[in-house]
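> Show me the folded form of this:
(chains A, B, C, D, E and F)
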Number of protein chains: 4
Amino acid sequence: MARPLSEDKKDAILASAIELVAAMGTGAPTAKIARRAGVAEGTLFKYFPDKDALLAATFLDLEGELARALVAGVPAGLAPKERIRHIWNRLIDWSAANPTRLKALRQLKVSDRIGPESRRCGEAFFADFKALLDEALAGHAERLSIDFIGAVLTALAEITLDFIARDPGRHDYHRAIGFDTFWRAIGR
Amino acid sequence: MARPLSEDKKDAILASAIELVAAMGTGAPTAKIARRAGVAEGTLFKYFPDKDALLAATFLDLEGELARALVAGVPAGLAPKERIRHIWNRLIDWSAANPTRLKALRQLKVSDRIGPESRRCGEAFFADFKALLDEALAGHAERLSIDFIGAVLTALAEITLDFIARDPGRHDYHRAIGFDTFWRAIGR
Amino acid sequence: MARPLSEDKKDAILASAIELVAAMGTGAPTAKIARRAGVAEGTLFKYFPDKDALLAATFLDLEGELARALVAGVPAGLAPKERIRHIWNRLIDWSAANPTRLKALRQLKVSDRIGPESRRCGEAFFADFKALLDEALAGHAERLSIDFIGAVLTALAEITLDFIARDPGRHDYHRAIGFDTFWRAIGR
Amino acid sequence: MARPLSEDKKDAILASAIELVAAMGTGAPTAKIARRAGVAEGTLFKYFPDKDALLAATFLDLEGELARALVAGVPAGLAPKERIRHIWNRLIDWSAANPTRLKALRQLKVSDRIGPESRRCGEAFFADFKALLDEALAGHAERLSIDFIGAVLTALAEITLDFIARDPGRHDYHRAIGFDTFWRAIGR
DNA sequence: GATGAATGAGAATTCATTCAT
DNA sequence: GATGAATGAATTCTCATTCAT
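Down below sits the predicted model:
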């Protein structure tokens, strides 16, 4: 092989795409993404066949990272509610600590350039998360479907993050209120 | 006397913008919007100085209509919870009955072409709604800010609408679950 | 109407396309075609929806002009052979006098960017020509199909034109040899 | 000793070029040609300095093969007309049996990427063919130049092949008509 | 006021060719 | 010798906005 496709370059392109999609939405030009990644315009298309593929990869990269952040290191031996609070805190903290990634992810989630295939793939990343949720909620919220509960959690997290963004000094307070609201919402 | 700008034409342009933004997002070309409205390409710019102004007007049109739909005809003499359920039902029913308008509104809400000015303006339309909410919730949820409660209501409505869209036969069921979830979420 | 699409501009674009297709083949860039026509790049696409449409229009323009040149003013009262010789001379003379148009037409004829639709359309222009041929040949070449005869005529004309191009001083000589060859080829 | 350029690889590249030029014209990308030949993109340029050189070589390869096919094995002792008919039949049969090669050759013949040098070279391959023709025609068609006769033969063959392509069941019939037409065309 | 032709700055992609490995 | 990643100029087409009619 002459030279393998460099994982570094691919990552640079993805990182650049995240930055620019966060700042400009999915309309960010591929030329700008390439330049900021330090590669030639044409090189981008060696790594991703077209812009949609790049956006899909960016989306999955972000979803994957988030999903991994959520479930990593949930301490054993916690009561169900505390286990879920742990996940909640991870979700809020990761998002608040990665505002650019979060912004990019939001843009991609609502974009019509992310096809159903990629969305399904993205959901799959959250299988562990859902399993954890499911297990922890046994006995607490059986009347609601896990999909509904997941959607409520996500939506309340978004709201919580908005409030934290406007009032970052009270990060912990908003985070706690958010979780409390979620716990009541799905309560028996 | 010079001919005044025709209100009819303006409405036609807005209606056309709603359809096309719903279908194509904010990228819908002004030329297409004009054609579907039955006016010339240039005429659109007589009514709106540029595309952003048109999008802002479209956004406010939709927000206003929705806000009005929510608060109109809330029956007097209902218990607080039932008054809010009434508003909730209106929100769900209007949205389910106007999928195109809802889609356009969602697109505009997440678009970065709607500036903070317009967003503030849009919020103002919901003053009555918030007042109603505030009044009805006196004694039920004082620990939460009205903004937070409004955001939760909106978010849960979006989720409810997604579930209805996927399973329209159980409109009433999902609507009730949604409200129940909301009521618990903000409960004491 | 603000301003009608100008026939002049359309003609300028077609004329420019003819020149550039003759010189560079169908790969001639639309930007160059527009510039040489004295219009903006985007204007070209107001007159022709895309490059293929422009090429098709150019093709039909040339075919039409050639077809008209062939059949115009065939003197009445000539013997069949002389009537066909008249057409032949017209074909040779028009082509020799319009080398650029001829070159463009050849490029377009062999290009795979001209679809079957356009080709059929182009053939239709030669209906009069074929009718004249058919009539004149009654009794001389009935054993051959008119399509075959037309193809032979065209092919021999191409050859004749090549010889004239290399040896323009003997235009009339080559023209006569060519016709004589054609007449023998299809003779009884 | 350095490894020599492999004749096999060169042939594979040429064969691939023939296929792809037949299918896509001279616009066929070098990368695709290389891939189909089973070699790397860059390797192609070790065998041919640039794309034009590859196209020229492809052209000459096809012309050479055709020229050889024409003159090989003309039976001695045939009358002149029958000797030429033999060549004619070879030309038609080879072309009908090798539609891909024929298509590629046609594309290259009309392409402006084949320079006059290559064309002259290509013609040289047909020296034997012309000699045979010349000899056979002594006394039949001295009034016409051998170049003219060759061009007529080629043109009529093209027409014949078109008719065969549309009506392959009557291969022999069209082949005979074609020859007959040729013979008359150049006849005394 | 209304019209829509005209504009030209982008935008996504392609591709022959080079050169580090 | 062979490889294929890297390059960036070139290409087609879109679209918000202007302005002559």
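
> hey, let's count contacts and neighbours off CA atoms from now on
Will do.

> tell me the helices in chain A, going along the chain?
For chain A, applying DSSP state H gives helices covering A:7-24, A:30-37, A:41-47, A:51-71, A:80-97, A:99-110, A:116-125, A:127-137, A:146-166, A:171-186.

> Just send the ones you listed back as a markdown table, with distance to chain C, mean neighbour count and mean pLDDT too.
Output for the helices of chain A, formatted as a markdown table (distance: least, CA to the nearest CA, whole Å; neighbours: other CA atoms under 10 Å in any protein chain shown; pLDDT from 0 to 100):
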| stretch | distance to chain C | mean neighbour count | mean pLDDT |
| --- | --- | --- | --- |
| helix A:7-24 | 26 | 19 | 96 |
| helix A:30-37 | 21 | 18 | 97 |
| helix A:41-47 | 21 | 15 | 97 |
| helix A:51-71 | 23 | 19 | 96 |
| helix A:80-97 | 44 | 18 | 95 |
| helix A:99-110 | 31 | 19 | 94 |
| helix A:116-125 | 31 | 14 | 96 |
| helix A:127-137 | 47 | 17 | 88 |
| helix A:146-166 | 43 | 18 | 95 |
| helix A:171-186 | 52 | 19 | 96 |
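
> So which of the ones you listed is nearest B:Asp180?
Checking the helices of chain A against B:Asp180 by CA to CA gives helix A:171-186 as the closest, at 8.2 Å.

> Please work out the angle formed by the directions of the closest one and helix A:146-166.
Interaxial angle, helix A:171-186 versus helix A:146-166 (axes from the mean of the first three to the mean of the last three CA atoms, to 10 degrees): 150 degrees.

> So which residues on chain A come close to DNA strand F?
Residues of chain A found near DNA strand F (CA under 7 Å from any atom of the strand) are A:1-6, A:9, A:39-43, A:46-47.

> If we only consider these, which is nearest to chain B?
Closest approach between the residues of chain A next to DNA strand F and chain B, by CA to the nearest CA: A:Glu41, at 23.9 Å.

> ok, residues contacting stretch A:65-80?
A:83, A:86-88, A:90-91, A:94, A:125-126, A:128-129, A:132, A:136-137 (CA atoms under 8 Å, 6 or more residues apart in numbering or on different chains).

> Need the CA coordinates for that stretch. CSV is fine.
Below are the C-alpha coordinates for stretch A:65-80, written out as CSV (Å, rounded to 0.1, in the frame of the first residue of the first chain):
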residue,chain,number,x,y,z
GLU,A,65,-19.3,9.6,22.0
LEU,A,66,-22.4,10.8,23.9
ALA,A,67,-23.7,7.3,24.3
ARG,A,68,-20.4,6.1,25.6
ALA,A,69,-20.1,9.0,28.0
LEU,A,70,-23.5,8.1,29.4
VAL,A,71,-23.1,4.6,30.4
ALA,A,72,-19.4,4.5,31.2
GLY,A,73,-18.6,3.8,34.8
VAL,A,74,-22.0,3.6,36.4
PRO,A,75,-21.1,2.6,39.9
ALA,A,76,-22.5,-0.8,40.9
GLY,A,77,-24.6,-1.1,44.0
LEU,A,78,-26.5,2.1,43.7
ALA,A,79,-30.2,2.2,44.1
PRO,A,80,-32.1,2.4,40.8
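
> OK, contacts around A:Leu132?
A:Val71 are the contacts of A:Leu132 under CA under 8 Å, 6+ apart.

> ok, it to A:Ala138 distance?
10 Å (CA to CA, to the nearest Å).

> Likewise for A:Gly122?
Noted for A:Gly122: a distance of 25 Å to A:Ala138, by CA to CA.

> can you check A:Glu63 too?
From A:Glu63 to A:Ala138 the distance is 26 Å (CA to CA).

> same deal with A:Phe129?
Distance of A:Phe129 to A:Ala138, computed by CA to CA: 14 Å.

> Close to chain B: what parts of chain A are there?
Neighbours of chain B within chain A, by CA under 8 Å from any CA of the partner chain: A:24-25, A:107, A:110, A:148, A:151-152, A:155-156, A:159, A:181-187.

> Stretch A:32-49 spans what distance, first to last residue?
17 Å.

> what about that stretch and DNA strand E, touching?
Yes: using CA under 7 Å from any atom of the strand, stretch A:32-49 reaches DNA strand E at A:Glu41, A:Gly42, A:Thr43, A:Phe45, A:Pro49.

> Distance to D:Ile164 added to those residues, as JSON lines?
Converted to JSON lines, the residues of stretch A:32-49 next to DNA strand E look like this (distance: CA to CA, whole Å):
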{"residue": "A:Glu41", "distance to D:Ile164": "49"}
{"residue": "A:Gly42", "distance to D:Ile164": "45"}
{"residue": "A:Thr43", "distance to D:Ile164": "47"}
{"residue": "A:Phe45", "distance to D:Ile164": "44"}
{"residue": "A:Pro49", "distance to D:Ile164": "42"}
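
> Name the pair among those with the greatest separation in space.
So, these by CA to CA: farthest apart are A:Glu41 and A:Pro49, at 12.5 Å.

> ok, and the closest non-adjacent residue to the residue in chain A positioned nearest to chain B?
Nearest residue of chain A to chain B, counting by CA to the nearest CA: A:Ala185, 3.8 Å away. Excluding the flanking residues, the one nearest A:Ala185 by CA to CA, 6 or more residues apart in numbering or on different chains is B:Ala185, at 3.8 Å.

> List the contacts of that neighbour.
Taking CA under 8 Å, 6+ apart, one finds A:Thr181, A:Phe182, A:Trp183, A:Arg184, A:Ala185, A:Ile186 in contact with B:Ala185.

> Quick one: residues contacting A:Ile149.
A:Ile149 neighbours (CA under 8 Å, 6+ apart): A:Ile186.

> Tell me the spacing between it and A:Leu133.
9 Å.

> Likewise for A:Ala28?
36 Å.

> can you check A:Val74 too?
12 Å.
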